[in-house]
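1. Predicted structure and sequence below. I'll ask about it afterward.
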Amino acid sequence: MLAITRLPSPRMNECELTFATRTPIDYERALEQHVEYRELLRACGAEVVVMPASDDLPDCVFVEDTAVVLDEVAVIASPGAASRRGELDAVEAVVKRYRPIERIRLPATLDGGDVLCVGRMVLVGRSSRTDAAGIAALRAIVEPLRYRVWPVDIRNCLHLKSACTALDDDVLLVNRDWLDAAALDVLGREFRLVETPSGEPFAADVLRIGRTICVSAAHPRTAELIGRLGYDVRTIDLSEFAKAEGGVTCLSIVLN
């Protein structure tokens, strides 16, 4: 297993924000937390690739948004925020070492954070960053590879993975308040839906690595819930990245 990461930009305080109120980010602490995140990935069995930061790209640490990587192909995204489109070439240069490359191209937009791959199912959030044309472009690439693309409308959050991630190939962790739960309920025969505890709305963004589920330390009730379900749970402090609307999944691209 491989995890591609990218160091935080010194200009991280200029990051894009959609729903969060801007709060000063402690850059030195962000660097420390990123080291801790990479150590966590290694402890879970991943080989970690570390890309350098770019002074000109405040959001570059959120590398997940730049690509969707399946077993057969890597799809380079088409970010909905214009300020993030300069991130793509550097990520493609790394990802193409491991997968053939396809691209989503403007005017279609699609962020990797809106794409959740669970087995042969690809859930895609319709959001402020991912539009219908982006979903259609992704479908044209992956459905011939026998993946099923399933759009899900989201609200009040940045990306689909803010509201829904996978604990297993048949178990989803969801915050129903931030997505069209009916779109998932119709998949009830394929997935068990586990709801995040009240008071922890951001907790649905967790990172699965094997049987280990990585959870933000800001969400202890969710970590406890997942542990009771029989998963190995590890927590990590990502408080500085949360100020930039980042979660546990946002900081890496994980390849099997």
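-> Alright, I've got the coordinates. Numbering: from 1, shown residues only.

2. From now on I want contacts and neighbour counts done on CA atoms only, so please keep to that.
-> Noted.

3. helix/strand/coil for the closest residue in space to Met12 that isn't next to it in sequence?
-> The spatial neighbour of Met12 that comes closest, neighbours along the chain excluded (CA to CA, 6 or more residues apart in numbering), is Pro58 at 4.4 Å. Secondary structure for Pro58, judged by DSSP: H, G, I helix; E, B strand; the rest coil, is coil.

4. can you count the residues close to Pro58?
-> When neighbours are counted by other CA atoms under 10 Å, Pro58 registers 22.

5. And the helices in the stretch 151-256 of the chain?
-> 160-163, 181-185, 220-228, 239-242 (DSSP state H, counting those that start in this stretch).

6. that older thread, give me every residue that touches the residue nearest to Met12.
-> For Pro58, the contacting residues are 8-16, by CA atoms under 8 Å, 6 or more residues apart in numbering.

7. Need those in a markdown table (columns: neighbour count, pLDDT and secondary structure).
-> Formatted as a markdown table, the contacts of Pro58 follow (neighbours: other CA atoms under 10 Å; pLDDT from 0 to 100; DSSP: H, G, I helix; E, B strand; the rest coil):
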| residue | neighbour count | pLDDT | secondary structure |
| --- | --- | --- | --- |
| Pro8 | 26 | 98 | coil |
| Ser9 | 22 | 98 | coil |
| Pro10 | 18 | 97 | coil |
| Arg11 | 17 | 97 | coil |
| Met12 | 23 | 98 | helix |
| Asn13 | 18 | 98 | helix |
| Glu14 | 15 | 97 | helix |
| Cys15 | 18 | 97 | coil |
| Glu16 | 17 | 97 | coil |
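
8. What are the contacting residues of the helix or strand hosting Val35?
-> Per DSSP states H and E, Val35 falls inside helix 27-43. With contacts defined as CA under 8 Å, 6+ apart, helix 27-43 is touched by 3, 5, 7-8, 10, 12, 47-48, 236-238, 240-241.

9. Repeat that for stretch 135-143.
-> 75, 102, 104, 108, 110, 124, 126, 148-149, 151.

10. now do 10 Å
-> Applying CA atoms under 10 Å, 6 or more residues apart in numbering, the contact partners of stretch 135-143 are 68, 70, 72-77, 102-105, 108-111, 114-115, 120-126, 132-134, 145, 147-151.
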